[in-house]
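Student: Any chance you could fold what I've pasted below:
(chains A and B)
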Amino acid sequence: MLSYFLRRLLTAIPVMFFVAVFIFLLLRLTPGDPAQAIAGDQATPAQLEQIRESLGLNEPLSTQFFTWVGRMAKGDFGQSLISQQPVLQMIGQRIGPTIALALTAMGLTVLISLPMGVLAAWRHGGLTDRAVMAFSVIGFSVPIFVIGYVLIGVFAVNLRWFPVQGYKPLADGFWPFAHRIFLPGLALASIYIALVSRMTRASMLEVLREDYVRTARAKGLSEIVVLFRHALRNAAIPILTVVGTGFAMMISGVVVTETVFNIPGLGRLVVDAVLARDYPLIQAIILLTAGTYVVINLLIDLSYALTDPRIRYQ
Amino acid sequence: MKTFGLKALGCAALVASTFTALPVWAETTLTAVMQAPLRSLDPHLSTAQIVRTHGFMVFETLLGMDDKYQPQPQMADFAVSDDMLTYTFTLRDGLQWHDGTPVVAEDAVASINRWSQKDGSGGTMMTYVESIEATSDKVLTIKLKSPFAPLLELLAKPSPIPAFIMPKRLADTPVGEQVIEMVGSGPFKFVADEYRPGDQAVYVKNMDYTPREEPSSWTAGAKVVNVDKVVWQAMPDMQTSINAIQSGDVDLIEQVTIDLLPLLAMNDEVETGIKNPLGAQVTGRFNHRLPPFDNPQVRKAVMYALDQETIMQTAIGNPDFFQLCPSIYGCEVPLASDVGAEYLAGTADERMAKAKEILAASGYDGTPVLMMQPTDLTVLTTQPIVAAERMREAGFTVDVASMDWSTLQSRKNGWQPVADGGWNFFFTYWGVAGIWNPLVHSLINGSGDDNSWAGWPVNARIEELRAAYLTAGSLDEQKEIAKEIQKITWDDAFYFNAGEFKSVAAWRTELKDVPAGPITLFWGVSK
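Tutor: Take a look at the predicted model:
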C-alpha cells in the first residue's frame, strides 16, 4: 500500500510539470497586459513600458519560464505583479473561506443526499422516489446564483435568520462561522445534492436486487440495518468517486457562490487575477488546484480499499 | 484597618460612578463598498480612481482643490513672485509621517520629481522648471525658466495622478517600481496587516493629524475625521451590495448601478444622491492611423451618425443622471462652452441623413470598422452595440469584437492593421477631473506621437493652442483658447463626446454630513 501511494505521488510530478508549462504558455498567449492593470487606463505607452521592464515582462519567454520554475523549486512562488505581495501569502489569506465553504457544502451534500438516495431506492417508483427525483432535477437545472439569491431573499432579507453576505473564520467562534457559512454552503451544495442523491439511488437499486440483501432480510434484520450496513456499503464505491471528484470541483468552482455571498475566497481571487493578468498568482492557483485534484483522486483510490476489502493495491 | 476598608470602598464607588457616568467608548467603523477593489497601492503609478481615492486617505498634496476649482494651501502655504517665476511653499506646522518622523521639504522635492515622471501634465510642467529645491526643512522653492500659469492648479489637481507627497525614502523608488509601504501624512493610516488585495482595505484615524483651520471644501481645508476606522469591502456583485446596505452590513456604496436604485428608494434607512458633482464623460475614440478613420470626412460622418441621447439612454437610462453637452471638458466646469453644438443639433433622423450624405462624399470604400466592446464593464458594454447599429445605418460596415476590459486596454495601445490585432474604434469614459482643461486632457493631444494616448490624431494648430494655454495669464484668455481647441476636436473629429453621467452613491441614514467632492471623501462624515 505504501509503495503504491509513493508511486502515485511520483507520477504526479510529470502531471504537475505539464500543467505548469501549459498554463504558463496559455497565459502568455492570452491578450492583455499586467502593466496596464497596474497603471490604469490613462497610462501612456512609455509608462507601461517602464512597468513591464521593472517586472521582467520584456525578458524572453524561456527566461521567464525557467526563472519561475527555478524559484518554485526553492518553494518561492513569486510575487503578485499587481499587489507585489507574495502569492503564497495571498492564497493563504483566501484559501480558508474556500475550504470552509467546500467542506460545509460537502457535509450538507452527504447529510442530505445519502438518506434521500437511499429512501428513493427503498421506495422505488413511489411518491417519495418521485419527489426525490423532482428535487434532483431542480437542483441540476437551476443555476447556483438563482438558488443563492432565493435563499438570501427568503432567509436573510425577509426572515432575517441569516446575514445577507460575508464570512467569519472559525477562529471568531463556531456560531458566527456557522451562521454565515450555512446559506452559501447550501446554495453550493444544491447541485451536488442532486447529483449524489441520484447516484446513490441508482447504485442502491442495483445492490437491493442482490441475493445477499434478500438473505439479510430473511435473517430478520431491520430495514435500517439492511439499507445502511449491507446495501449502502456495497453501493458506496461509485458514490465515493462522485463525492471525491465533487469536492475537487467545489474547490475550483466556487466563484459564483463566493460572488453572490461575498465570501473572500480563492474563486474570487483567481477571477481577479485573470482579469488583471496577474501571471504568478494565476499560475500558483492553477498548480494548487491541479495538485488538489491529484491528491483527492489518490485519496479516492485509497478509500476504495477501505470500503471494499476485495480491493488491494500492490 | 476598618477606616482603610471604608476608604477603599468609597474609592471603588467613586471610580464605579465615574465609569457609569461616562459613555462607554465604542469604535466607530464606517464600512464602504467602493466602485472597484483596491489591488495596488502606489498612487503615483496608477491612474485608477480607486488608487487615487486610497491616495487621498493616506497621503496629502501640497495644495488642495476647492469646490470653486481653485488651488488652496493644504500641506503648505504658498507665495508667488511678481515675475511669476518663483513659487515658494512653506510647510505648515505639525506635519508628520505616520511613522512619527517630521515631514521636511526634501520629501516634497523627491515626491514632485517622482510624480512628474508619471503624470503627463507634471512632465509638461517640468519642461518649464529650472529648479526645485528645499531651501530649508520647511521651505520648498520652485524656480521657472518662463511663466507657467497652471503650476498651482497642477499641484492641487485631484486627478488623474495627484501630486501626492511621500517620505523621500519612498519617493526615491525607481520609476516603474511600485511603492508598497504606505507611510503618508494624511488623515488616515493604512492598516497593512488587514489589507487583502482585491477584497479589503482598512484605514484608521491618524490621531496625530492636525487639520487646517479653514472650512473643508473638496480636497482643501480642514480634514476632520469623525470615525475611528474605515473599511473598504469589495463586493463584485451589485445586488449583494444592495442587500448588504439594506441589512446594515455596510454604510456606504460609492456607486450604485442606476437600474437598482428603485430597490433602495423603498428603504427609509438608506439615502441616495450624487456626491461627485463632476461626473464622467463617455468618449468614442477613433484610431486616426488606420483606414477608414485616417480620413477626416469619414470620421465626421460618424460624428453625425452617433447620437448622444440614444447612447446615454441605453447606457444609463434615467435622464436624471446623465447630461448632454458639447463641452469636451465636462458640462459644468469653468471652461465649458457650447462650441460644436451644431454637431449635436437636430433630431437623430436629421443627423443620420447628414451622416449618409457626408459618408457618400467621403470616398469610404466599405472598409470594415473594428469596434472593440468590453463585456465585463457594465457602463461601457452597451454603447458599442448602439453605435454599431447607427453606423451601419449610415452605410458603414462594422464588426463588433467582444473582449474583456483588460484585453481591450492592451489592444488599444497598438496601431498595427486590424488583421494583425489592431482596432478602429472603442468607447471609454473619463472622470471630468481628468479632462477639465487642455493640460490634463489626454484625448486632445494632437502631436500624433507614439507615446500619446491611443488614437494618435495629428493637428498642428491644436498643439500650438495647448502650448498657448500653458502661458495664458487669465481665465478669460484660457477660456478663449479652450473654445478654439474644442472647435478643432469637433471639426477634425478627434473623438465622439457621447455625453456625461453622474455616479450615484447610497448611504445609511446613520451617516451624517457625507461630503461632496471630486473623489469620495471620508473626512467630515460622522456615524
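
Student: where in the stretch 151-300 of chain A is pLDDT low?
Tutor: Counting by pLDDT under 70, the stretch 151-300 of chain A shows low-confidence ranges at A:252-253.

Student: Can you list the residue ranges for helices in it?
Tutor: Along the stretch 151-300 of chain A, the stretches classed as helices by DSSP state H, counting those that start in this stretch are A:174-208, A:211-218, A:223-225, A:232-234, A:236-252, A:255-260, A:266-276, A:279-307.

Student: and those as JSON lines, adding distance to chain B and mean neighbour count?
Tutor: No exception for glycine: its C-beta is placed from N, CA and C like everyone else's. Putting these into JSON lines (distance: least, Cβ to the nearest Cβ, whole Å; neighbours: other Cβ atoms under 10 Å in any protein chain shown) gives the following:
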{"stretch": "helix A:174-208", "distance to chain B": "11", "mean neighbour count": "21"}
{"stretch": "helix A:211-218", "distance to chain B": "49", "mean neighbour count": "13"}
{"stretch": "helix A:223-225", "distance to chain B": "42", "mean neighbour count": "11"}
{"stretch": "helix A:232-234", "distance to chain B": "39", "mean neighbour count": "17"}
{"stretch": "helix A:236-252", "distance to chain B": "18", "mean neighbour count": "19"}
{"stretch": "helix A:255-260", "distance to chain B": "5", "mean neighbour count": "23"}
{"stretch": "helix A:266-276", "distance to chain B": "4", "mean neighbour count": "23"}
{"stretch": "helix A:279-307", "distance to chain B": "9", "mean neighbour count": "18"}
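
Student: Out of those helices, flag the one nearest B:Gln72.
Tutor: Nearest to B:Gln72 among those is helix A:266-276 (36.1 Å), distances taken as Cβ to Cβ.

Student: counting contacts, what elements does that closest one pack onto?
Tutor: helix A:34-39, helix A:87-122, helix A:255-260, helix A:279-307, helix B:405-411 (3 or more Cβ pairs under 8 Å, 6 or more residues apart in numbering or on different chains; DSSP states H and E).

Student: let's see 10 Å
Tutor: On a contact count with 3 or more Cβ pairs under 10 Å, 6 or more residues apart in numbering or on different chains; DSSP states H and E, helix A:266-276 meets helix A:34-39, helix A:87-122, helix A:236-252, helix A:255-260, helix A:279-307, helix B:405-411.

Student: Next to chain A in this structure, residues from the stretch 101-250 of chain B, please.
Tutor: B:117-120, B:123, B:159-161, B:173-180, B:192, B:195-200, B:233-237, B:239-250 (Cβ under 10 Å from any Cβ of the partner chain).

Student: From those residues, list the buried ones, please.
Tutor: Burial by neighbour count, 16 or more other Cβ atoms under 10 Å in any protein chain shown: within those this picks out B:117-120, B:159-161, B:173, B:176, B:178-179, B:195-200, B:233-237, B:239-247, B:249-250.

Student: Residue of the stretch 1-150 of chain B closest to chain A, please.
Tutor: Chain A sits closest to B:Thr47 of the stretch 1-150 of chain B, with a gap of 3.4 Å, by Cβ to the nearest Cβ.

Student: give me every residue that touches that residue.
Tutor: A:39-44, A:47, B:118-120, B:159-161, B:431, B:434, B:442 (Cβ atoms under 10 Å, 6 or more residues apart in numbering or on different chains).

Student: The same query, at a cut-off of 6 Å, please.
Tutor: B:Thr47 makes contact with A:Gly40, A:Gln42, A:Ala43, B:Pro160, B:Ile161, according to Cβ atoms under 6 Å, 6 or more residues apart in numbering or on different chains.

Student: leaving aside the residues next to it on the chain, what's closest to it?
Tutor: A:Gly40 (3.4 Å; Cβ to Cβ, 6 or more residues apart in numbering or on different chains).

Student: Chain B against chain A: which residues are in contact?
Tutor: B:39-40, B:46-48, B:160, B:175-178, B:180, B:196-199, B:235-237, B:240, B:243-244, B:247, B:406-407, B:409-410, B:413, B:451 (Cβ under 6 Å from any Cβ of the partner chain).

Student: can you count the residues close to the closest residue to B:Gln74 other than its chain neighbours?
Tutor: Nearest residue to B:Gln74, sequence neighbours excluded (Cβ to Cβ, 6+ apart): B:Gly64, at 3.8 Å. Neighbourhood size, B:Gly64 [other Cβ atoms under 10 Å in any protein chain shown]: 26.

Student: so which helix or strand takes in B:Gly64?
Tutor: strand B:63-65 (DSSP states H and E).

Student: returning to what we had before: same list, the helices and strands packed on helix A:266-276, but as TSV with distance to B:Ser503 please.
Tutor: Listed next are the helices and strands packed on helix A:266-276 as TSV, based on distance: least, Cβ to Cβ, whole Å:
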stretch	distance to B:Ser503
helix A:34-39	22
helix A:87-122	29
helix A:236-252	35
helix A:255-260	22
helix A:279-307	30
helix B:405-411	18
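
Student: Of all those, which one comes closest to A:Ile51?
Tutor: helix A:34-39 (4.0 Å).

Student: Now do the SS call for B:Asn276.
Tutor: coil (DSSP: H, G, I helix; E, B strand; the rest coil).

Student: Which of the residues of chain B next to chain A fall in strands?
Tutor: Per DSSP state E, strands hold no members of the residues of chain B next to chain A.
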